[in-house]
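1. Model the structure of this input:
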Amino acid sequence: MEGHRPTRRSFLAATGTVALAGIGASTVARGSDPLTNGSYEILEGTPSETTVEVTTADADGPTVMVVGGLHGDEVAGYRAAGDISEWDIESGQLVVIPEVNTRAIERGTRTAADGVDLNREFPVGRDPTYELAQAIWSVVVQYDPDVFVDLHESTELYNGDATDGVGQAVFRSYDMVAAAKAGRAVRHVNENYVGNRTNKFEIGYFSGPNVDPNGLIAHKASRDLDALSFLVETLSTGPALETRVEWQKAVVRKLVEDELFGDGGAPEDDGETEQPPEDDETETPSEGDDGDENEDIPSDDEDAPPEETPNEKPTPMIETTPKKAETLDLSRGDTVTFEAAASMDADGRVVAYEWDLDGDGAFELTGDTAELTLDACGDYPVTLRVTDNDGATRETGLTVSTKAE
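-> All right, here's what the predicted structure looks like:
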């Protein structure tokens, strides 16, 4: 992944693409850093009309986008997004669509009356075809966020298998910066907000390119726009609504603190971050294209070499023992086992696993399993690099920490 650009907001403002449409714009002085607040409607005058809230700090910085309410029965998500839209930020730009799917929210159901699951209508590498998805995605593209956060709820706890429920989890894009952010956010909220260990937040990865569920807006933001992307889920059964709203806001605040409340600069990846999947789906023949049926038709240029399908890079995945070790405060002397067997390659196989266990950039261990004994207090960055049978590589990483004694 290329370094995220801290001046994206300035570029968009200079080109006029972040104009607030002259609707509801105001300037609020906060100390020496004024904020520009504004809002505008999309799909105005239709049943799907909804509001985009934009806050721009005087201090330059990255763009963060937060959305809620893609599913109308996930109340804490759109309530938290509404509160987040009122934050006073110190740098950069905050763009929020609190209630994406207003028709579903009015019904209090997952989908609107047409039964379409909006969060399956954002195919990677292709434009959405569903009208509301088109309108929402056009806003995402307009602001081209450095960080994207989608807020949801689930009726079941996440236990490592998304088919059985995904509550109390932060899912993140395949990127070392995203991994570090998710780890910090989960540790912070578990330690300071979640009293019941049963309800502690977990960390999950986005599903692979050809693995269900597909068509999620957070996946598309990561893979099409190169954003650091997160999907946050709280458990809708048990904890009170106001508690869940506070948890969601606390997670988001920690995820975006560097961009909106720090020095205005996004974390640098220094070339160590993995590239997000470039093509998550097999290309669909365009209209009028019969696909492989034309394979044997000679081209006008008989000497032209046949087109080759580009190799997809492998997807590295790290699992730990103890489980989700990056979310724990470990003790000096503890041993953590890292396993990479869940790594995958959509168009081939993973043939090599390499580990950097001391953060020096050199991969000193090989094999799908590695162990690390934490012999001092502090942070231990761990990087996994996998190679597929065509020689393509991709990296991912996490950080485990020992508490001060």
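
2. Doesn't residue 177 belong to a helix?
-> Yes - under DSSP: H, G, I helix; E, B strand; the rest coil, residue 177 sits within a helix.

3. measure it to residue 183 for me?
-> Per C-beta to C-beta, to the nearest Å, residue 177 is found 11 Å from residue 183. Yep, even glycine has a C-beta here, placed from its N, CA and C like the rest.

4. Which neighbours do these two have in common?
-> Counting by C-beta atoms under 8 Å, 6 or more residues apart in numbering, residue 177 and residue 183 have no common neighbour.

5. Not counting its own residues, what contacts stretch 360-379?
-> In contact with stretch 360-379 (C-beta under 8 Å, 6+ apart) are residues 272, 330-341, 343, 352-358, 380, 382-383, 385, 399-405.

6. List the buried residues for it?
-> Judged by neighbour count using 16 or more other C-beta atoms under 10 Å, the buried positions of stretch 360-379 are 363, 368, 370, 372, 374.

7. Tell me the one among those residues nearest to residue 126.
-> Nearest to residue 126 out of those is residue 368 (C-beta to C-beta; 33.9 Å).

8. Find me the pLDDT at the closest one, would you?
-> pLDDT, residue 368: 93.

9. What distance do you get for it to residue 391?
-> In terms of C-beta to C-beta, residue 368 sits 18 Å off from residue 391.

10. Domain parsing of this structure, as residue ranges.
-> Domains of the chain are assigned by automatic domain parsing as 11-260, 319-402.

11. measure the shortest one end to end?
-> It refers to domain 319-402. Counting by C-alpha to C-alpha, to the nearest Å, you get 18 Å between the two ends of domain 319-402.

12. so how far is that domain from its chain's centroid?
-> In this view, domain 319-402 has its centroid 21 Å away from the chain centroid, taken as C-alpha atoms, centre = their mean, to the nearest Å.

13. again with the first one
-> Domain 11-260 has its C-alpha centroid displaced from the chain centroid by 9 Å (C-alpha atoms, centre = their mean).

14. So which of the buried residues of stretch 360-379 sit within strands?
-> Of these, the ones assigned to strands by DSSP state E are 370, 372.

15. what are the ranges of the strands in the stretch 101-250 of the chain?
-> Secondary structure of the stretch 101-250 of the chain (DSSP state E, counting those that start in this stretch): strands at 147-154, 169-172, 202-205, 228-235.

16. Please convert those strands to TSV, extending it with mean neighbour count, distance to residue 241 and mean pLDDT.
-> TSV is the format used below for these (neighbours: other C-beta atoms under 10 Å; distance: least, C-beta to C-beta, whole Å; pLDDT from 0 to 100):
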stretch	mean neighbour count	distance to residue 241	mean pLDDT
strand 147-154	26	10	97
strand 169-172	26	18	94
strand 202-205	20	21	87
strand 228-235	28	10	96
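
17. With distance to residue 119 as new columns, can the ones you listed be given to me in a markdown table?
-> Formatted as a markdown table, the strands of the stretch 101-250 of the chain follow (distance: least, C-beta to C-beta, whole Å):
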| stretch | distance to residue 119 |
| --- | --- |
| strand 147-154 | 8 |
| strand 169-172 | 12 |
| strand 202-205 | 16 |
| strand 228-235 | 9 |
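
18. and of the ones you listed, who's closest to residue 85?
-> strand 147-154 (11.7 Å).

19. farthest-separated two in the buried residues of stretch 360-379?
-> Every pair of the buried residues of stretch 360-379 checked by C-beta to C-beta; the farthest is 368 and 374, at 21.1 Å.

20. tell me the helices in the stretch 101-250 of the chain, going along the chain?
-> Ranges of helices in the stretch 101-250 of the chain, per DSSP state H, counting those that start in this stretch, are 102-107, 131-143, 176-192, 217-225, 241-255.

21. Tell me which of these lies nearest to residue 66.
-> Taking the helices of the stretch 101-250 of the chain one by one with C-beta to C-beta, helix 241-255 is closest: 6.3 Å.

22. list the buried ones in the helix or strand following the closest one?
-> With elements assigned by DSSP states H and E, the helix or strand that comes after helix 241-255 is helix 257-260. Residues of helix 257-260 classed as buried by neighbour count (16+ other C-beta under 10 Å): 258, 259, 260.

23. try stretch 38-56
-> 38, 39, 40, 42, 48, 50, 51, 52, 53, 54, 55, 56.

24. Likewise for stretch 69-88?
-> Of the residues in stretch 69-88, 69-85, 87 count as buried by neighbour count, 16+ other C-beta under 10 Å.

25. so residue 68 touches residue 99, yeah?
-> Yes - if you go by C-beta atoms under 8 Å, residue 68 and residue 99 touch, sitting 6.8 Å apart.

26. And those two? Which one has more around it.
-> A side-by-side neighbour count of residue 68 and residue 99, using other C-beta atoms under 10 Å, places residue 68 first with 31 against 23.

27. got the contact list for that one?
-> 74, 77-82, 96-100, 150-151.

28. Count residues in the vicinity of residue 261, would you?
-> Around residue 261 there are 18 residues (other C-beta under 10 Å).

29. Check it and give its pLDDT.
-> Residue 261 is given a pLDDT of 93.

30. For it, which non-adjacent residue is spatially closest?
-> Nearest residue to residue 261 in three dimensions, chain neighbours excluded: residue 90, at 5.2 Å (C-beta to C-beta, 6 or more residues apart in numbering).

31. Distance check, that neighbour against residue 57.
-> From residue 90 to residue 57 the distance is 6 Å (C-beta to C-beta).

32. and if you look at residue 379?
-> For residue 379, the distance to residue 57 - C-beta to C-beta - is 29 Å.

33. So which of the contacts of stretch 360-379 belong to strands?
-> 330, 335-339, 352-356, 380, 382-383, 385, 399-402.

34. List the contacts of the residue nearest the centre of the chain.
-> Nearest to the mean C-alpha position of the chain, by C-alpha atoms, centre = their mean, lies residue 229 at 1.8 Å. Contact partners of residue 229, counting by C-beta under 8 Å, 6+ apart, are 147, 148, 149, 150, 172, 173, 178, 206, 218, 219, 221, 222.
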